[in-house]
Each structure stands twice: as structure tokens, then as C-alpha cells.
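Visitor: Kindly generate the corresponding structure for this input.
(chains A and B)
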Amino acid sequence: MKRYDCMERLGALLKNELVILSLGASVDEWYNAAPHMRAASLFQQQLGCVTPQAFGLAVGLPHRRVVSLDTDGGMMFNLGILGTLANEQPRNLLIVVWDNECYQSIGGPPTHTAKGRVDIARIAQGAGIEQAYTVRDLDAFAAHCRMGLAADVPYLVVAKVEASVQPGIRRKHSDGREDKYIFVRHVEATEGITIMGPSEHN
Amino acid sequence: MQQNIVARVIAGLKAAGVSVVCYLPDSLFKELYPALDQDPDIRTIQVTNEGEGAAICGGLFLSGKRAALIMENSGLRASIEPLARMGMGAGIPVVMLMSYRGDLGENNWWAIPHGMTMEPLLEAMRIPYRVVDREDDIERSIQDAFHWSYAAYYHSAIALTGALVR
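Guide: The predicted structure follows:
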């Protein structure tokens, strides 16, 4: 199963949601696989921060569906968030973990999931997230995403994907700061709120 | 921490517009956490480590809600990685309220490293901070931290010490 194909299936399900995603090649893939979600997606190069940030966003906007596109390396970096999610039970958060069993963006050395013993979905279940699943084919992935987007409990899907990058895709040119402004302005426009307002005159 | 100090902290948070607090409990702020939990205007989220709390606060910033990360100052060390990435890499601010373990008056050997590392780490991270030891300065200092962070879009910190926490 290819991550890019999964992204196209997930992207087709999204319209008004907000997305926070992890680092590496998945950034460029999401940029291309779901172009209608570019402004609604925060592209962050932050190992271990993605799902906590998505949870914070979900707490702040409880009426809005939030999607975290995390990775095996990123989730293993900060497993504690799984316990926090279990205790807090956000009603509007879908977490997808792209598990390619390697640190792809630095050339592919294995992550802890590569030996077949570490199972992130079972870790999540043990942490108290009851709706946590591992999927290995596109139809199962899309079905769980559909259920996760409608769930009123935290929902986690570990997608076992190949360690490949979609060839010929366009690179995203913006940095984290520009991405933040684009995302914040999108949240402001769609929520009718001010997050980063004008300076005072004094 | 005496109840009048607890009340001042909560008043300062509310005056700054804070509606969510992420915390990892510590001993010097022991009385503050249950008071926050019981406050109807503030949602509390207990985290497993302070770095996770920093990242959640970053997400809350993106939602337009004001959040604070409350912790012992040892939590700053656990938070450096997400703080560097969010603050320096993207301009996503986190406002921190810390108990100043290891300041003069400290009587626990294990807390000495917290005092030795806090201010140098804040300076290395170019995070402006204020060490507060007077009750009358608490509310203003918390509000000042939020004013600064929402002008700079960078982190700031308040550390309570002395008679405020002992």
C-alpha cells in the first residue's frame, strides 16, 4: 500500500476539516494528493509534535473535525500523547499514523516498528484509545478514515505503507513560518475569528 | 502555595484571556492544580511530559484560544525540543508559568539542577522571562507575558519564587 494512494483516498473525504501533518516526504505528497486542503493543512517539521498540536487544535475548535497525519517515528517519539488522548477523549480528532517502518526522509534507516514486534495500534489500545486499528489495504484505510471522521471518540488508524515516495510530485516551497500564516488566516476566515490581529497604536 | 497566591495566579490567567491550561503537577504549585481543575472558566489538560504540553499549547494557539503551560521549571528542559521547533521554526508561541525550583532557599539536592539550568536555558532560547517574588506582581506579570508573546509570536515565561511558593 502506497502512502500517496492513501492520501488521495483520505483527501477525497475531506472538505471543511483541518489537518496537521508530520515532516519528511509526506509533506510534499500531501501537498499534491490533496491540493484543495493546502490552506487547511499545517505543514510542520516537528517530530513528536504533530498529534499533540492536532489535539490542542481540536480542543480549541471542538465543533471542527481535526486530522493528524503523524508517522511511526513521530508517534514513537512521544507516546505519552496516547494516554492524554485516552483521558481527554476528544470527540473530533482522527489520527492517521503513516507507518513505513523507516526514517524515510534521511535515507531509510529502520524505526522501531521495522522488526515486527512494535505495534502502534496495540500501544494505543493499551493506552486507552479503544478505536485504534492497523490497515494494510486501501479499501480498509478509506473505510476506517470514514468511520474516524464521523466518530465521537479519538480514532487512530495505523496505515502500513511502502517506504516509497510518489515520483514526479511538485515540492512545496514555503517554510514553517509562511505555512503557519497561511493556516492561521484560513482558520480565521473559516471560523470568523481573529488569531493574529493588528498591533496596538500606542 | 497559599490560597491567596493561587487566587492571584488564576486571576492573572483570566485577565490574560486564558481558557485552557496544560500542566504536569509539581510540589511547589501543588495547591494551584486542583484549584484550576475546579475553575469553571478554565479547562485543564494534564500531560505526561511538559514537551507534550508545549505542543498542545501550540495547537491551541492555532485555534485562537489562549493557553498556558504550567509546570516546575525542570519541565523547561523537557520542553526545549518542541519549543525550539514551534517558536523558532514557525513562530508559534507558548506562554509558560513555572515554579522556580533550585532558587536561593532551595533545600532539596535534587532540585539544584533546576535552578542552575533554568535561566541559562531561557537565555539560550532567547525567551524573555520574569522572576516574580511579590504577590502584587503576579497578575501584571502574567498579562505582560501574554502581551509580549502575542506581539512577538514567540515564547515567554514567568517563574514564581521565594515566599510565593514556599
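Visitor: and the residue nearest to the spatial centre of chain A, helix, strand or coil?
Guide: Nearest to the centroid of the C-alpha atoms of chain A, with distances taken as CA atoms, centre = their mean, sits residue A:69, at 1.4 Å. Using DSSP: H, G, I helix; E, B strand; the rest coil, the structure places residue A:69 in strand.
Visitor: Can you pull the phi/psi pair for the residue nearest to it when sequence neighbours are not counted?
Guide: Leaving aside its sequence neighbours, residue A:69 sits nearest to residue A:21 (CB to CB, 6 or more residues apart in numbering or on different chains; 3.8 Å). C-beta here means a position set from N, CA and C on the backbone, and glycine is covered the same way. With angles defined as degrees, to the nearest 10, residue A:21 sits at phi -130, psi 160.
Visitor: Then residue B:152?
Guide: According to degrees, to the nearest 10, residue B:152 has phi -90, psi -20.
Visitor: Can you name the residues that contact it?
Guide: residue B:93 (CB atoms under 8 Å, 6 or more residues apart in numbering or on different chains).
Visitor: Okay, it and residue A:166: tell me how far apart.
Guide: 38 Å (CB to CB, to the nearest Å).
Visitor: Ok, residue B:44 next?
Guide: Residue B:44 sits 42 Å away from residue A:166, going by CB to CB.
Visitor: pLDDT on the helix or strand where residue A:149 lies, on average?
Guide: Element membership for residue A:149 (DSSP states H and E) is helix A:138-150. Taken as a whole, helix A:138-150 has a mean pLDDT of 98.
Visitor: shaky segments in chain A?
Guide: Judged by pLDDT under 70, chain A has no weakly predicted residues.
Visitor: Return the residues of it in contact with chain B.
Guide: A:20, A:42, A:44-46, A:48-49, A:52-61, A:78, A:80-81, A:83-84, A:87-88, A:175-177, A:179-180, A:183-184, A:187-188, A:191, A:193-196, A:199 (CB under 8 Å from any CB of the partner chain).
Visitor: show me the contacts for residue 160.
Guide: Reading this off chain A. A:1, A:99, A:101, A:134, A:135, A:136.
Visitor: Chain B was what I was after
Guide: Neighbour list for residue B:160: B:5, B:9, B:28, B:29, B:97, B:98, B:99, B:100, B:132, B:133, B:138 [criterion: CB under 8 Å, 6+ apart].
Visitor: give me that answer again for 10 Å
Guide: Neighbour list for residue B:160: B:1, B:5, B:8-9, B:28-29, B:32, B:73, B:97-100, B:103, B:130-133, B:135, B:137-138, B:141-142 [criterion: CB atoms under 10 Å, 6 or more residues apart in numbering or on different chains].
Visitor: Please list the residues of chain B that sit near chain A.
Guide: B:19-20, B:22, B:43, B:45-49, B:51-67, B:81-82, B:84-86, B:88-92, B:147, B:150-151, B:153 (CB under 10 Å from any CB of the partner chain).
Visitor: Outside of the worst-scoring helix or strand of chain B on mean pLDDT itself, list whatever touches it.
Guide: Within chain B, no helix or strand scores below helix B:89-90, which has a mean of 94 by mean pLDDT, DSSP states H and E. If you take CB under 10 Å, 6+ apart as the criterion, helix B:89-90 is touched by A:42-46, A:49, A:175-181, A:183, B:58, B:62, B:153.
Visitor: Now do the residue nearest to residue A:76 when sequence neighbours are not counted against chain B, distance only.
Guide: Distances taken as CB to CB, 6+ apart put residue A:112 closest to residue A:76, at 5.4 Å, once the chain neighbours are dropped. Residue A:112 sits 18 Å away from chain B, going by CB to the nearest CB, to the nearest Å.
Visitor: Same question for residue A:132.
Guide: Residue A:132 is 17 Å from chain B, by CB to the nearest CB.
Visitor: For that residue, give me its contacts.
Guide: Per CB under 10 Å, 6+ apart, neighbours of residue A:132: A:82, A:86, A:95, A:97, A:119-126, A:144, A:154-158.
Visitor: quick one on the thing from earlier: by neighbour count, which of the contacts of residue A:160 wins?
Guide: Within these, residue A:99 tops the neighbour count with 27 neighbours, counted by other CB atoms under 10 Å in any protein chain shown.
Visitor: Counting neighbours, what do you get for the residue lying closest to residue B:163 once chain neighbours are set aside?
Guide: Spatially, and ignoring its direct neighbours in sequence, residue B:163 is nearest to residue B:133 (6.8 Å; CB to CB, 6+ apart). By the criterion of other CB under 10 Å, residue B:133 has 15 neighbours.
Visitor: thought residue B:133 was touching residue B:162?
Guide: Yes. In this structure residue B:133 lies within contact range of residue B:162 using CB atoms under 10 Å: 3.7 Å.
Visitor: what sits in contact with each of those two?
Guide: Counting by CB under 10 Å, 6+ apart, the common neighbours of residue B:133 and residue B:162 are B:100, B:103.
Visitor: what about the residue nearest the centre of chain B, which SS state?
Guide: The centroid of chain B falls nearest to residue B:97 when counting by CA atoms, centre = their mean (1.7 Å). Following three-state DSSP, residue B:97 is assigned to strand.
Visitor: Same check on the one 5 residues further on?
Guide: Judged by three-state DSSP, the three-state class of residue B:102 is coil.
Visitor: ok, it - contacts?
Guide: Residue B:102 neighbours (CB under 10 Å, 6+ apart): B:72-74, B:108-118, B:161.
Visitor: May I see the PyMOL selection of the buried members of those residues?
Guide: One line in PyMOL is enough to select the buried members of the contacts of residue B:102, burial here meaning 16 or more other CB atoms under 10 Å in any protein chain shown:
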select buried, chain B and resi 72+73+74+111+114+115+117+118+161
